[in-house]
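Novice: A structural model of the following input is requested.
(chains A and B)
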Amino acid sequence: MSDTKVHLAARIATADFRQSLSRSLKATASRLASALLVLLVGSLVVFLTIKAAPGDPALSVLGEQASPEAIAAFHKEHGLDRPLAMQYLSWLGGVLTGDFGASLTVAARQPVSALLFAKLPATLFLGFYALFLAVAISLLLGTLAASQRGKLTDTVCTSISVFGISMPDFWLSYVLIYFFGLGLGWFPTYGYVSPGESLVDALYVGFLPALAIAAPMAAVFSRTLRAVLIETMTRPYVTAARAFGLKSGFIFLHYTFRNALVPYLTVIGLQIRYILGGVVVVERIFGVPGVGSLMVDGSFQRDYPVLLACTIVFLAIVLLVNTVTDSICTLLDPRRSR
Amino acid sequence: MDEALVKIRDLRVSFGRGDAKTRILKGIDIDLANGEILGIIGESGSGKTMTGLSLLRLLPQTAHVEAVKMFFAGEELQQKSGGEFDALRGVQLAMVFQDPVGSFNPCKTIGWHFAQVLRRVGETGELRDKSVQLLRDVGVKRAEETMFLYPHQLSGGMLQRALIALVLALRPKLIVADEPTTNLDKIVEKQVLDLFLSLQRRLGASVIFVTHDMPVAASFCHRIAVMNAGEIVEVGETAQIFGRPRHPYTRRLIDTALKLAGANGRPKENQSHRARQAARFAEEPLYRVRDLTISFPHSNRHGSFRALDGVSFDVMPGEILGILGESGSGKTTLGRSLLRLYEPAGGRIEYRGRDITHERERSLRSIRREMQMVFQDPGGSFSPRRTMGQALREALAMARHPRAELRRRAVSLLERVGLTAEHGDRYAHELSGGQLQRVAIARAIALEPRVIVADEAVSKLDVSVRAEILTLLGDVQREIGMAIIFITHDLDVARYICDRIAVMYHGKLLEIGHTEEIFTRPAAGYTQSLLGTHQNLAKLIGAVA
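Specialist: Okay, here's the model as predicted:
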C-alpha cells in the first residue's frame, strides 16, 4: 500500500520536474532568440557609430601625407567607397558565414576571424578568472558583513568595498605591480601563460591582472550580497525557522542565503560588461596578448572590421552570460519557473 | 490545571537607549498552567506579539529584555545560554505565526520543511511516510501530492494546516499562537481553530493565544489577559472578562465589539427606507451591470481565469451596497470593474444610463472623478513625502476648486472627518491607521463623488477604531448622498453598515437582497454555511457567562 503511494509520489515528482525543466528550456530558447535580435540591432548601432566617428583608416595605413589618388584607391580596394547600407549588408552576409572580413592595417591583411581566434582565449580566460575572484571575494566579504552587521567586521568589509569601488582598475594595476610584483616579488608583473600549457602557471601569472579587474566588481557584488542577505534575514520564514529550533548555520544556508541567491546572481549578470571593459585596459598594462590590444589599436587606426568584430563578440558574451544567469535564476526560484 | 508551566514576573521590553528609549512592555506578569489556553487580547500596538516573541527569545537583537522571573517548566529561561535555549526552542516551545504564507521558505517544497522539522526532533527512517501521516492528521486530503508542492502553490488555509502539522511533529509543551487565523477566511478559520483545539488536547500542551478577535477569544480560551499600551490591565476567567469586565478599558473593548456585532447597532429601518426613497426619486439606477465577465490571463496551463463570471446587479444612488465574500471570490475585482479599471471580457456596465463597457481611457477620466476608492491599507495609499494637507489640496485642485480656497477647504474637510488643521501638516507615518483612514475618506469626498468603492476599508483597523470609521462613513454618506460599494469579508461589519448585500462566491454573484433578508433568510446554500460559521459575540457571552 505504502509502496504504491511512494511510487505515485515519485511519479508526480518526476512529472513535475520534467515539466519545469521543459518550461525553463522553452524560456531559455525564447531568451536566446531575443538575444540574437539584440545582437543584430546592436551590430547595426556599432557599425553606424564607428562610421560616424571622424578619421580614416587610409591615413593611418598610408601616412598623413598620402595623395588623394592613393586614398581613393585604398577606399576602392576595401569597398569603403560603397554606400553605407551596402557595406553593412555585405559585412553582415560575411558574418553569417563566419567571415569577419580582413583587417585593414595589420600586416599581411590577416582575416579578422584568425586574429580573434588567436587573441580571444587569453581575454576569456582572464575575464572568467576575474569573475571567479570577484564572486569568491564577495561571497566572503558580503556574508561576513551581513552576519556581523554593525560590528567592526562589517565596518572593515564596508571600507574594503568602498575602496574597491572607488579605485580605477588601471591605477590599481600599477599599485599591485609595485607592491606584489616589484616590492615583494611574489608575482610576475608581465606576460601570459595559456591555461592549455599549464593551468597552475596560468593562474599564477594571471593573478595580478585578474585581481585588478575583479576588485571593483568584488566590491559591488559584496555590497549587493550584504544588502540582500540583511533584507532576507528579516523575512518571517527566517523567524519561523528559528522558532522551529533549526540550527542557525542551517537557517543561514537554506533560508537566508538560498533566497538571496537570485537577486545576487542577477546583479552579477548585469555587471559582466564592466569585467570586459576592465579586461581591455588591464591587458595592455600587463602585456597580455588578448583582444584588448587588438581593440585599442583597432580604434586608433580606424580598422573597422577589427573594431566591429571585437565589439560584436563582447556584446555576444554579455548577452550569453545574461541569458545563462536568467535561466539559472528561473531554475532556482520555483515561483518563476511556472 | 496543576502546577504552573509558565511563570513570568515583571517582563519589560524596550528598544533604544536614553532619550530615544521606547518601552514596548512595561512589566508584565503571566501565569500559565499545564494544558491551559490563555488568550491575550488587545489592540494593535499593545504589545501582544512582543510578549510571545520575547518568551521564545525571537525579538530582534536591538531589543532590550529584562524580567524578575521567567520560569518555564521549573527552569529560569533567562539563565539559559544561546545554545541551551536553541535546544529548548521548537522542541518544548513552539510558535504559530499570523502569516502562514510567509512562514515557509519559498524555495523549498512542503516535504522539505517536514523533513527538517522531523530531523530536528530526532526522527529517522521513513520521514516521508511520517510527514504524509502528519499532513493527513490535520485534514489535508491529497497529502502525498502536497509534499512535492511549493508554498506559493498552496492556499493560506492549507499552509496554516501544514504549519500546525509541523508543530504537531514537535510535540511542544507550550505553543504561542500569534493571530494564527487572522489572515484566513471565516469558513477556513473555523476549521483551523477546531483543528488547533484538538491538537492542543491531544498533546496536552499549554497555549498562549494572541488575538484581537473577541468572538474567537471568547469561544477558545480558558482565561484571558487584556493588554493595553504594554501593560496587562486585567486578567481573569473568560466568563468573567466577557460577562463582568472590571477594567474600564476591557469594558470599552467589549462594548465596541458588541456594537459592531449588531446587539445594539444603528437602526436599519431608516436606512432601507432612505434607500427605497432614493430609488423611487432616481428612476435611473447609478449602475446597471449585466452578465459582466472579467478574465485574467493565467500563467498556468489553464489559459485564462474568470475572476467575474456573468455578474448582474444594479446600484441605486445613495445606497450602501455590501459585497460579501471570501478572499478570491472576486469581490475586489467587482469593485474595481465598476471604475472600469479592467477591460470586461463580456457583458455590459452602464453608468448613469451610459454604456461604459468599452469606453476609452480618455473619456473615462472625467467619469472616474465621480468615482472614488478607499483602500484597505491606508498607509499605502498616501505618498510618504507629502503631508496630509498637500494630499487633500491636490485632490481639491483636481476637482477644480479655486486656488485661494484650497487651504480653507482642506482644513474643513479634515474637520469634517473628525481631525484638526494640525493633522494637515503631518506625514503618513505620523498618523495612526484610523486617522489615515479618516484622511482617505476626506480625500475621497473632496471630489464630491457619486460613488465610493470602499475595499475592506476597516479590515486592518482595531475594533474600537473600526466602529468609529464605520460611523463616520455612514454620516458622510447621509450628508453627501453618494452611493457606497462596501467590500468586506466581515459579516458583522456588513450587517452594521449596508442597506443591501451581494454575496460573491468563486466569481459568481450568488444572491443579492436587503441586509436583514440575507441575514435572516439566506437563500443560497453557501450563504447559509457562511452565516453558520458566524459567531455572534453577544450569544457567546451569554453562553460563557
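Novice: who's in contact with residue 165?
Specialist: Assuming you mean chain A. Neighbouring residues of A:I165 by Cβ atoms under 8 Å, 6 or more residues apart in numbering or on different chains: A:216, A:219-220, A:223. Heads up, the C-betas are built off the backbone N, CA and C, glycines and all.
Novice: actually it's chain B I care about, not the one you picked
Specialist: B:A165 touches B:114, B:134-135, B:137-138, B:140, counting by Cβ under 8 Å, 6+ apart.
Novice: let's go with 7 Å and repeat that
Specialist: B:A165 is in contact with B:134-135, B:137-138, counting by Cβ atoms under 7 Å, 6 or more residues apart in numbering or on different chains.
Novice: out of those residues, which is most surrounded?
Specialist: Highest neighbour count within those: B:L135, with 25 neighbours (other Cβ atoms under 10 Å in any protein chain shown).
Novice: tell me which helix or strand that residue sits in.
Specialist: Assigned by DSSP states H and E, B:L135 falls within helix B:127-137.
Novice: right, is the next helix or strand after that helix up against chain A?
Specialist: Heading C-terminal from helix B:127-137, the first helix or strand you meet, by DSSP H and E, is helix B:143-147. Yes: residues of helix B:143-147 contacting chain A under Cβ under 7 Å from any Cβ of the partner chain: B:144-145, B:147.
Novice: out of the contacts of B:A165, who's nearest chain A?
Specialist: B:L135 (12.1 Å; Cβ to the nearest Cβ).
Novice: thought B:R252 was touching B:P245, still the case?
Specialist: No: taking contacts as Cβ atoms under 7 Å, B:P245 lies outside contact range of B:R252: 8.9 Å.
Novice: of these two, give the one with the bigger neighbour count.
Specialist: The neighbour comparison of B:P245 against B:R252 (other Cβ under 10 Å) goes to B:P245, with 20 against 14.
Novice: for that one, what are its contacts?
Specialist: B:P245 is in contact with B:234, B:251, B:254, counting by Cβ under 7 Å, 6+ apart.
Novice: model confidence score at residue 284, please.
Specialist: Picked chain A for this. On the pLDDT scale, A:R284 is placed at 82.
Novice: nope, chain B
Specialist: 79.
Novice: just B:A545 next, same as before
Specialist: 54.
Novice: how about the strands in the stretch 251-400 of chain B?
Specialist: Per DSSP state E, counting those that start in this stretch, the stretch 251-400 of chain B carries strands over the ranges B:287-297, B:304-315, B:320-324, B:346-351, B:354-355, B:371-374.
Novice: so is the residue nearest to B:D29 when sequence neighbours are not counted in a helix, a strand, or just coil?
Specialist: Distances taken as Cβ to Cβ, 6 or more residues apart in numbering or on different chains place B:R9 nearest to B:D29, at 5.5 Å, with adjacent residues excluded. Under DSSP: H, G, I helix; E, B strand; the rest coil, the three-state class of B:R9 is strand.
Novice: distance check, B:R9 against B:V411.
Specialist: B:R9 sits 50 Å away from B:V411, taking Cβ to Cβ, to the nearest Å as the criterion.
Novice: how about B:Q376?
Specialist: 27 Å.
Novice: could you do B:A483 as well?
Specialist: Noted for B:A483: a distance of 27 Å to B:V411, by Cβ to Cβ.
Novice: looking at the two, which is more packed in?
Specialist: Legend: neighbour count by other Cβ under 10 Å for B:A483 and B:V411, higher for B:A483 (26 against 18).
Novice: for that one, give me its contacts.
Specialist: B:286, B:315-319, B:321, B:450-451.
Novice: check B:D213 too.
Specialist: B:T182.
Novice: again, only this time at 8 Å
Specialist: Applying Cβ under 8 Å, 6+ apart, the residues near B:D213 are B:181-182.
Novice: how many neighbours does B:G74 have?
Specialist: Residues near B:G74, counting by other Cβ under 10 Å, number 9.
Novice: quick one, what contacts whatever residue of chain A ends up closest to chain B?
Specialist: Residue nearest to chain B within chain A: A:G245 (2.3 Å; Cβ to the nearest Cβ). Neighbouring residues of A:G245 by Cβ under 8 Å, 6+ apart: B:86-91, B:120, B:170.
Novice: what would those look like in CSV with secondary structure, distance to chain A and neighbour count?
Specialist: Putting the contacts of A:G245 into CSV (DSSP: H, G, I helix; E, B strand; the rest coil; distance: Cβ to the nearest Cβ, whole Å; neighbours: other Cβ atoms under 10 Å in any protein chain shown) gives the following:
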residue, secondary structure, distance to chain A, neighbour count
B:D86, helix, 6, 17
B:A87, helix, 7, 12
B:L88, helix, 8, 20
B:R89, strand, 4, 22
B:G90, coil, 2, 24
B:V91, coil, 6, 17
B:R120, helix, 6, 18
B:L170, helix, 7, 23
